[in-house]
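K.L.:
sharing a model that was predicted from the sequence below.
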Amino acid sequence: MSMTRESIWAALPSTAKGVTLHYSYDARTDRLVYPSNKSIYLRSLSKPSESTQFTGHIAPTTVAKFAPSGYYIASGDAAGLVKVFDSSSTTSDPEIVKGDFNIISGKINDLSWDSDSKRIIAVGEGKERYGHCFTFDAGNSVGEIAGHSTPINSVDIRSVRPFRAATVADDSSMVWFTGPPYKFAKAVRGEHSNFATDVKFALDGSYAVSVGMDRKIVVYDGREGDALAKVDSAHGGGILAVAVGKTESGNPIFATASTDSKAKLWEFKEGHVLEIHTWDVATGQHLVGITFTSPTTLTAVSLAGDIYYLSTSATEPTSVIYGHQKAITALQVSSDKKKIYTGSYDGRVVQWNISTGESTLVTGDAHSNFVTGIIECAGKIYTAAWDDTIKAVSGSEFLSPFLSTPSQPKGFTAVGTYLILATEDSVISYTTDFKVVSSAKVLSITAIAGSESILAVGAQNGTITLMSVPDLKPLATKISPLRAAVSVLSFSPVKEERKWLLAAGDSTGKIAVVNAVDGSVVTTRWAFHTARVQSIAWRADGKYAATGGLDTNVFVYSVDRPARNIKTTGAHKDGVSAVAWSEDNKLVTVGADACIKWWKVELTA
């Protein structure tokens, strides 16, 4: 018995309103690297479903950059830590970290490698200092970052000699450094009238360009740092990011991303800044990051984390990568095994093609809060969320009207052709067009599960009640209470004349398997989780069950050999939310790290 990870469908980049997303692209491997929650993801540009995950940080990550060589990555987090790791080490276990440095006593906002891939300048929101320059392997100091009176938002190092570095900050100034070792040369003030958000040197070092929330672009001499040109009102909103590239003929160009939902391409020539292309992105989608991937293509990231592919031959994105930024809280594999649906903490629901990994955002009147459940009933997908609604999905669109629930959903399942909703103190059965069939009072509900014409209801005190569906009348079968609050329930798909298994997980990590026909205990030996069991999924033959818990682990248990199991530790950083079988030997899991993972499961008889 064994379980091996086959692939990861990455989470989207973590973003914040009014904050630049610093990420990068490596042409050698055709991959993007970006921060997301407490992880760093490396994602193939040509095959977005192919990605790897670095989980070495314990605080939320804020920035990730490839070294110019492409062999190393430096990443920073909200605790002021910078980690340097081999770009191929994300496929190894344990991950190989080259350097681990406490840089400042606050969030790292940005970092930059020098062209030798030897030195790094990291900047941010420290208390004693706002930045530091150090060697990537030993962490030795190679300069001092000074000159700002507020946290530094961005840094860049000139890629040609003589080396220079530039930083911009909330104090609206640009500070110029010479080196190495890097030392303060001068501060350029008065060019920006609001927060300066990003700065980059042209690839040939001929100039540097800064942008800010004042909607201005400022171009500086790449050797001395003197201001050469300025564009007022370059965008209709604050400019959060700038990227540098070159045309196919080798001339330096740069691109900007703004809160006006537009990205623009610019060329600096003969003392003037010329706009040469504009991309329109979906209305209301603030752009927070941008980077070149070739002379004619770029990627831009929206506030929602969606990754837009841009081409100079089009004014609108050529494609968009959707997914989740927040913890995935619900999972459903379609009955035809061709699609999965996922819902997250922020209310987003995404449809995925299992064979290709292609993602489609479910649009329309979407949820605004925690998605508690996704189910399939009578050939249609239904979702329930903490915005106190249940909605139907057709394809990739929410349908109208939706159902307003009497209070916050605690559980959601399908039994036959009926939708069953559990609130904190009641269970309600509905038809698929949202008409109430019956309701029953049950105190402190924590979990429900149903199959055929039976519903199991778990409570905070560990009791499990069986009810008939759709009338919700209590059945005579009595089940012994669990020792802790019931956290998840799941019926086996195989029902025999005198045996029908029900797995019940609790808040301490223990799972009891009982016979729902007579209430007898089948086994209590599924007890290897060390924290709350959050999901139980039976295989189609009813012989095995996969479980996921808050302890980050995934287990596959055997009914015939209850003491044996397959264990995968650290399956999802900060906890596994849901597990499901897509085939008899393939498992899909989702978790608090907002990504989807696929596992190959080898089982013996």
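P.N.:
Cool, the structure landed.
K.L.:
where along the stretch 501-605 of the chain do the strands fall?
P.N.:
Ranges of strands within the stretch 501-605 of the chain are 511-515, 521-526, 533-538, 544-549, 554-558, 565-568, 576-583, 586-591, 596-602, based on DSSP state E, counting those that start in this stretch.
K.L.:
now render those strands as CSV, adding distance to residue 362.
P.N.:
Any C-beta I mention is one placed from the backbone N, CA and C, and that applies to glycine too. Output for the strands of the stretch 501-605 of the chain, formatted as CSV (distance: least, C-beta to C-beta, whole Å):
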stretch, distance to residue 362
strand 511-515, 32
strand 521-526, 34
strand 533-538, 21
strand 544-549, 23
strand 554-558, 26
strand 565-568, 29
strand 576-583, 17
strand 586-591, 16
strand 596-602, 15
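K.L.:
residue 373: which of these is closest?
P.N.:
strand 576-583 (9.6 Å; C-beta to C-beta).
K.L.:
packing partners of the closest one?
P.N.:
Packing contacts for strand 576-583, counted by 3 or more C-beta pairs under 8 Å, 6 or more residues apart in numbering; DSSP states H and E, involve strand 328-333, strand 533-538, strand 544-549, strand 586-591.
K.L.:
how about residues contacting that strand?
P.N.:
327-333, 337, 340, 354, 534-540, 546-550, 552-554, 587-592, 598 (C-beta atoms under 8 Å, 6 or more residues apart in numbering).
K.L.:
tabulate the strands of the stretch 501-605 of the chain (TSV), appending mean neighbour count and distance to residue 383.
P.N.:
Output for the strands of the stretch 501-605 of the chain, formatted as TSV (neighbours: other C-beta atoms under 10 Å; distance: least, C-beta to C-beta, whole Å):
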stretch	mean neighbour count	distance to residue 383
strand 511-515	22	27
strand 521-526	17	29
strand 533-538	25	17
strand 544-549	26	20
strand 554-558	24	24
strand 565-568	18	28
strand 576-583	22	13
strand 586-591	24	15
strand 596-602	19	17
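K.L.:
between those strands, which one is nearest to residue 117?
P.N.:
Closest to residue 117 of the strands of the stretch 501-605 of the chain is strand 596-602 (C-beta to C-beta; 31.0 Å).
K.L.:
CA atoms of the closest one as CSV?
P.N.:
Taking Å, rounded to 0.1, in the frame of the first residue of the first chain, the C-alpha atoms of strand 596-602 are listed here in CSV:
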residue,chain,number,x,y,z
ILE,A,596,-5.4,21.1,-5.4
LYS,A,597,-3.3,17.9,-5.2
TRP,A,598,-3.7,14.6,-7.0
TRP,A,599,-2.4,11.4,-5.6
LYS,A,600,-1.9,7.9,-7.0
VAL,A,601,-3.0,5.2,-4.5
GLU,A,602,-1.6,1.7,-4.8
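K.L.:
partner strands of it, with direction?
P.N.:
strand 2-9 (antiparallel), strand 586-591 (antiparallel) (DSSP bridges).
K.L.:
mean pLDDT for those strands: which is lowest?
P.N.:
If you rank the strands paired with strand 596-602 by mean pLDDT, strand 2-9 sits at the bottom with a mean of 94.
K.L.:
tell me what angle it forms with strand 544-549.
P.N.:
On the basis of axes from the mean of the first three to the mean of the last three C-alpha atoms, to 10 degrees, strand 2-9 is oriented at 60 degrees to strand 544-549.
K.L.:
look up how far residue 561 lies from residue 508.
P.N.:
As defined by C-beta to C-beta, to the nearest Å, residue 508 lies at a distance of 23 Å from residue 561.
K.L.:
hang on, I meant residue 83
P.N.:
Going from residue 83 to residue 561 by C-beta to C-beta gives 41 Å.
K.L.:
more neighbours, the two?
P.N.:
When neighbours are counted by other C-beta atoms under 10 Å, residue 83 comes out ahead of the other of residue 83 and residue 561, with 21 against 15.
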